[in-house]
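Asks: Mind folding the following:
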Amino acid sequence: MRKILITGGAGFIGSHVVRRFVNNYPNVQIFNLDALTYAGNLENIKDIEQAPHYTFIKGDITDAPFIDALFQQHQFDGVIHLAAESHVDRSITDPLAFVKTNVIGTMNLLNASRAIWKDSTEGKRFYHISTDEVYGTLGATGLFTEASSYEPNSPYSASKAASDHFVRAYGETYGLPYVITNCSNNYGPNHFPEKLIPLFINNIIHNKPLPVYGDGNYTRDWLFVIDHAIAIDLVFHQGKNHETYNIGGFNEWKNIDLVHLLCQKMDVKLNRPVGTSAQLITYVKDRPGHDLRYAIDATKINKDLGWKPSVTFEQGLEKTIEWFLSNEEWLSSVTSGEYQRYYEKQYLS
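Replies: As a prediction, the model looks like this:
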């Protein structure tokens, strides 16, 4: 059996990728490596944990000897690398943690892959999942393409940009077979509630303030996480080596417009008078280096691989709200303890 390692597979995006690969490829051995930090949760993949061709491994990509031994033991044919520190706010508070995980961790995986594929790269692939934030910020017009220059503005995006460059360098210097994708903001089921949509769903449920940065006019392109998992599947199996593909949702929304739409939908779902949730909106001090606008041109992946989003933003948001309201026990478990201390420090101090 071919062996594929998926890093960060207990996290938000990773869990959807693991589920898709386990369900769609019964003749491939899927290994899920996750350190189970605050955003990693085995409940996210409980439905596939008994599959005979699935193996979970608890471990940290920043531990080079562990990674080297793991690769030597299993001789992976492919790596899908999602493990990362990903929250901009946290990167502003602790940038070195992002360097350690996103840069050093990626380097450890690259070195281990190179070591076991040194004799032959036939049928091998290192797939690095990145972000649109490496490109910096856009003005009122234009889109990020695969040819856009890198201009990261936060410690998070700088760490991801560095890891992208190392992956590309290993391809050029050592012939490592790689693909890279840069995606827009994901949303959907199992999303850890530090990001805007799950955070606000949770706060609306509990009648807590909805902290909107600045004037709320920052614009983002939103991608339903299941559509992202489908794109990852396509790129891994059909993408060309040494290529980059941008994955976007064709769904640009100003933060404040998104929040008002979310409030309207939550009022209906919770049988509250229309306008109730909107009264919770609270404008808070803007974060440093806040990018004005991200928007992805996903023409290349559409043209080359035939991918496009399967749902509109409104449809995806409806599915997301339904999932969170049907899984309040999950939501309660991940928003206790350390999360509460982080939330108070980030938004209430």
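
Asks: Once you drop chain neighbours, what's closest to Thr276?
Replies: Excluding its sequence neighbours, the residue lying closest to Thr276 (CB to CB, 6 or more residues apart in numbering) is Asp267, at 5.4 Å. Using the backbone N, CA and C atoms, a C-beta is placed for each residue, glycine as well.

Asks: ok, now which ones touch the residue sitting furthest away from the middle of the chain?
Replies: Centroid-distance maximum for the chain: Pro273 at 34.1 Å, with CA atoms, centre = their mean. Neighbour list for Pro273: Asp267 [criterion: CB atoms under 8 Å, 6 or more residues apart in numbering].

Asks: That one belongs to a helix?
Replies: No - membership of Pro273 in a helix is not supported by DSSP: H, G, I helix; E, B strand; the rest coil, which gives coil.

Asks: Report pLDDT for it.
Replies: Confidence at Pro273, expressed as pLDDT, is 96.

Asks: For it, what are phi and psi?
Replies: For Pro273, the backbone dihedrals (degrees, to the nearest 10) come out as phi -60, psi 140.

Asks: now Phe200, nearest residue through space, not along the chain?
Replies: Sequence neighbours aside, Leu210 is the residue nearest to Phe200 in space, at 5.2 Å (criterion: CB to CB, 6+ apart).

Asks: That neighbour contacts Ile197, doesn't it?
Replies: No - in this structure, Leu210 is not within contact of Ile197 by CB atoms under 8 Å, at 11.1 Å.

Asks: So which elements touch the helix or strand where Gly171 lies?
Replies: Element membership of Gly171, judged by DSSP states H and E, is helix 155-174. For helix 155-174, the contact count by 3 or more CB pairs under 8 Å, 6 or more residues apart in numbering; DSSP states H and E identifies helix 88-93, helix 95-98, helix 105-116, strand 125-131, strand 178-183 as packing neighbours.

Asks: again, only this time at 10 Å
Replies: Here helix 155-174 touches helix 88-93, helix 95-98, helix 105-116, strand 125-131, strand 178-183, strand 243-247, going by 3 or more CB pairs under 10 Å, 6 or more residues apart in numbering; DSSP states H and E.

Asks: Export these to CSV and append columns for mean neighbour count, distance to Leu280 and mean pLDDT.
Replies: As requested, the helices and strands packed on helix 155-174 are exported to CSV (neighbours: other CB atoms under 10 Å; distance: least, CB to CB, whole Å; pLDDT from 0 to 100):
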stretch, mean neighbour count, distance to Leu280, mean pLDDT
helix 88-93, 18, 20, 85
helix 95-98, 17, 31, 95
helix 105-116, 21, 37, 98
strand 125-131, 24, 29, 97
strand 178-183, 24, 29, 98
strand 243-247, 22, 32, 98
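
Asks: dump the residue contacts of the nearest residue to Ile48 once chain neighbours are set aside.
Replies: Nearest residue to Ile48, sequence neighbours excluded (CB to CB, 6+ apart): Val22, at 4.5 Å. Listed by CB atoms under 10 Å, 6 or more residues apart in numbering, the contact partners of Val22 are 6, 9, 28-30, 32, 45, 47-49, 51-54.

Asks: now Val22: how far from His16?
Replies: 11 Å (CB to CB, to the nearest Å).

Asks: what touches both of those two?
Replies: Joint contacts of Val22 and His16 (CB under 10 Å, 6+ apart) are 9, 45.

Asks: Chain neighbours aside, what residue packs nearest to Asn202?
Replies: Per CB to CB, 6+ apart, closest to Asn202 is Pro193, 4.7 Å.

Asks: What segments of the stretch 1-150 of the chain are strands?
Replies: Using DSSP state E, counting those that start in this stretch, the strands of the stretch 1-150 of the chain run over 2-7, 28-34, 54-58, 78-81, 125-131.
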